[in-house]
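[1] Coordinates for the following, if possible.
(one chain, ligands or ions: 1)
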Amino acid sequence: MKVTVGVSGGVAAYKAAELVRALQQQALDVHVAMTQAAQQFVRPLTFAALTGHRVITGLWDSDGATPNAASSIEHIAEAQSCDALLIAPATADILAKMAHGIADDFLTTMYLATAAPVIVAPAMNVQMWEHPATQTNIATLQARGVRLVPPESGYLACGMTGSGRLAESDPIVRAVLEALHRRHDLAQETVLVTAGGTREPIDPVRYIGNRSSGKMGYALAEAARQRGARVLLISAPTQLQPPAGCEMIPVMTADEMRAAVLHHLSQATLVIKAAAVADFRPRIQADQKIKRSGPLTLELEPTQDILAEVVQRRNPGTLVIGFAAETNQPLKHGRGKLERKGADAIVLNDVSREGIGFESDRNAVTFLTPSTAIDLPEMSKRALADRILDEALMLRHPRNVLSEVAANAATSHTPAHRH
Ligand code: CTP
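    Presented below is the predicted three-dimensional model:
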């Protein structure tokens, strides 16, 4: 999701850098627009370096006279493409302009042009903040749906003490997440996710691997992080960018994955084993590249079953969810696996189905628990990740049938079928 941070001119403009970082920690794509005055306090380069995006600095070319052909429509594009507009710090001046519909620079123009939720975090001298003009402007903006993160009391840059200091990053980030309707229901959880396909070396250049892309595990890590969890992502090699804000622990082999999982297990409240772990590894790994000289027989030995071990060693109350990739009689084999390994649930993948699973961005699965089988129909892996997390949470707080009916009626997501 994309958030545009509008920085207006005040001493607190430098604090916007920390705020941008805090928003990025929530896996948000942050863009920055600055007023002319803000650029007197912080250079746009700071925000360009932090966000990796060009900072929008004006509606006009550098001569200040001619409208810039690209940017004269850019405010509309930016206004339409952002999911939330946060103005922080917001000066008395920009609040006044917003309240009166004055659109004489990029930010105020964008404010008028956006349909996204708008959040303001003011910062100014205490008398400016308390002035009836500012208070009336704030009331006008709030009446129009603008969300306010009020300034805090304390020592102000002007030397006075009172209300007017930019709020801390935490409440501002929370207001942005609320505006985005982001659920924050995993804030108390530490989620350990394994992802990708392990590689078992045959010699220094060859390995036994599998077709797992890691996309489902990474989607789960991203979803859990965005819902407020601390996420430990133990990943075998993939082509994917780690989701923002996750603690990444790279591993290669099944053995390394086992060691990493067991090392971090005591911290986890929810374990999701989405990795495709090799079931066998070469018994002997050659030191040198094996030369081509006639037929070759590889002797394989089984790896240890990490999931079964996790179930045995977890803290009381820690939920453990496994995955199962099946090519025939999925329900029967999935149930067998669930019982054998003792997990709380198994996400059952029928990998014989065309167009979903493995390298695909989409998937359809069955969430199997000892007493239910919930079909989660085909959808993007990212959407599926949220549904899997919903079902996992429900194992901890089972909802009754009536509230389930109410929840299904209230949400528009794709219905799940319970057998
Ligand atoms: N798994 C594991 N350690 C292994 C093998 C698998 O933790 N050595 C986990 C996977 O991460 C997955 C689940 O067990 O969550 C099921 O994996 P799968 O390969 O489908 O099951 P297996 O036990 O290997 O059974 P089989 O290959 O016989 O179907």
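[2] Break the protein down into its domains, please.
    Structurally, the chain divides into domains by automatic domain parsing as follows: 2-184, 190-285+296-418.
[3] In the stretch 51-200 of the chain, where is pLDDT below threshold?
    Low-confidence segments of the stretch 51-200 of the chain (pLDDT under 70): 59-72.
[4] Neighbours of Lys335, how many?
    Just to correct that, residue 335 is Arg rather than Lys. With neighbours defined by other CB atoms under 10 Å, the count for Arg335 comes to 17. (Each C-beta comes from the backbone N, C-alpha and C, glycine too.)
[5] going forward can the numbers begin at 26, since that is how I track them
    OK, 26 is where the count begins now, so the last one is Arg360.
[6] Could you pull up the residues touching it?
    In this structure, Arg360 makes contact with Leu393, judged by CB atoms under 8 Å, 6 or more residues apart in numbering.
[7] Could I get the pLDDT score of it?
    At Arg360, the pLDDT value in this model is 95.
[8] Roughly how far does it sit from the ligand?
    Computed as CB to the nearest ligand atom, to the nearest Å, the Arg360 to the ligand distance reads 12 Å.
[9] Can you pull the residues of the chain lying near the ligand?
    Residues of the chain found near the ligand (CB under 6 Å from any ligand atom) are 279, 298, 300, 302, 304, 328, 330-332, 347-350, 362.
[10] Of those residues, just the buried ones, ChimeraX syntax please.
    Selection of the buried residues among those in ChimeraX, burial being defined by 16 or more other CB atoms under 10 Å:
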select :279,298,300,302,328,330,331,332,347,348,349,350,362
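[11] The residues of the chain next to the ligand in strands, which ones?
    298, 347-350 (DSSP state E).
[12] Quickly name whichever of these is closest to Ala408.
    Lowest distance from Ala408 to these (CB to CB) belongs to Phe348, with 17.1 Å.
[13] closest point of the stretch 126-275 of the chain to the ligand, which residue?
    Per CB to the nearest ligand atom, the residue of the stretch 126-275 of the chain with the smallest distance to the ligand is Thr219, at 6.1 Å.
[14] you'd agree that residue is up against His289?
    No: taking contact to mean CB atoms under 8 Å, the distance of 10.3 Å between Thr219 and His289 leaves them out of contact.
[15] Now name the helix or strand holding the residue of the stretch 126-275 of the chain closest to the ligand.
    Taking DSSP states H and E as the criterion, the element that holds Thr219 is strand 215-220.
[16] And for Lys122?
    With DSSP H and E as criterion, Lys122 is part of helix 117-125.
[17] what's the following helix or strand after that helix?
    Going down the chain from helix 117-125, the next helix or strand is helix 131-138, by DSSP H and E.
[18] in that following helix, what counts as buried?
    Of the residues in helix 131-138, those buried by neighbour count under the rule 16+ other CB under 10 Å are 131-136, 138.
[19] same check, this time on stretch 35-54
    Of the residues in stretch 35-54, those with enough neighbours to count as buried (16+ other CB under 10 Å) are 35-38, 40-42, 44-45, 47-49, 51-54.
[20] what does that stretch rub up against?
    Residues external to stretch 35-54 that are found in contact with it (CB under 8 Å, 6+ apart): 26-28, 30, 32, 55, 57, 59, 62-63, 66-67, 71-72, 75-76, 111, 113-114, 116, 148-149, 182, 190-191, 194-195, 197-198, 201-202, 207, 247, 250-251, 268-270.
[21] And for stretch 279-288?
    By CB under 8 Å, 6+ apart, the residues outside stretch 279-288 that reach it are 217, 219, 223, 225, 259, 261, 274, 276, 296, 298, 300, 302-303, 306, 328-329, 331, 334-335, 338.
[22] Of those residues, keep whichever come out buried.
    Among the contacts of stretch 279-288, those classed as buried by 16+ other CB under 10 Å are 217, 219, 223, 225, 259, 261, 274, 276, 296, 298, 300, 302-303, 306, 328, 331, 335.
[23] separation between Val28 and Leu287?
    According to CB to CB, to the nearest Å, Val28 and Leu287 sit 38 Å apart.
[24] Looking at those two, which one has more neighbours?
    Here Val28 and Leu287 are compared on neighbour count by other CB under 10 Å; more neighbours surround Val28, at 26 against 13.
[25] And the helix or strand harbouring that one, what does it pack against?
    Assigning secondary structure by DSSP H and E places Val28 in strand 27-32. When contacts are defined as 3 or more CB pairs under 8 Å, 6 or more residues apart in numbering; DSSP states H and E, strand 27-32 sits against helix 40-49, strand 54-59, strand 109-115, helix 131-138.
[26] and these as CSV, adding distance to Leu373?
    As requested, the helices and strands packed on strand 27-32 are exported to CSV (distance: least, CB to CB, whole Å):
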stretch, distance to Leu373
helix 40-49, 35
strand 54-59, 33
strand 109-115, 37
helix 131-138, 46
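[27] What is the burial count for Ala284?
    Other residues close to Ala284 by other CB under 10 Å number 14.
[28] which element is it on?
    Assignment of secondary structure by DSSP H and E places Ala284 within helix 279-289.
[29] re the thing from before, just the CA atoms of the helix holding Lys122, as PDB, please.
    In PDB, the C-alpha atoms belonging to helix 117-125 read as follows (Å, rounded to 0.1, in the frame of the first residue of the first chain):
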ATOM      1  CA  ALA A 117      -0.700  26.400  10.800                       C
ATOM      2  CA  ASP A 118      -0.300  27.700   7.300                       C
ATOM      3  CA  ILE A 119      -1.000  24.400   5.500                       C
ATOM      4  CA  LEU A 120      -4.000  23.700   7.800                       C
ATOM      5  CA  ALA A 121      -5.400  27.100   7.000                       C
ATOM      6  CA  LYS A 122      -5.000  26.500   3.200                       C
ATOM      7  CA  MET A 123      -6.500  23.000   3.500                       C
ATOM      8  CA  ALA A 124      -9.500  24.300   5.400                       C
ATOM      9  CA  HIS A 125     -10.100  27.000   2.800                       C
END
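[30] Pretty sure Ala192 sits against Ser178.
    No: at 10.7 Å, Ala192 and Ser178 do not qualify as touching, with contact defined as CB under 8 Å.
[31] Same drill for these two, tell me which one is more crowded.
    Each of Ala192 and Ser178 had its neighbours counted (other CB under 10 Å), and the higher figure belongs to Ala192 (22 against 12).
[32] Show the backbone phi and psi for the spatially closest residue to the more buried one that is not a sequence neighbour.
    Closest residue to Ala192 in three dimensions, ignoring its sequence neighbours and counting by CB to CB, 6 or more residues apart in numbering: Val174, at 4.7 Å. The main-chain torsion angles of Val174 are listed as degrees, to the nearest 10 and equal phi -110, psi 100.
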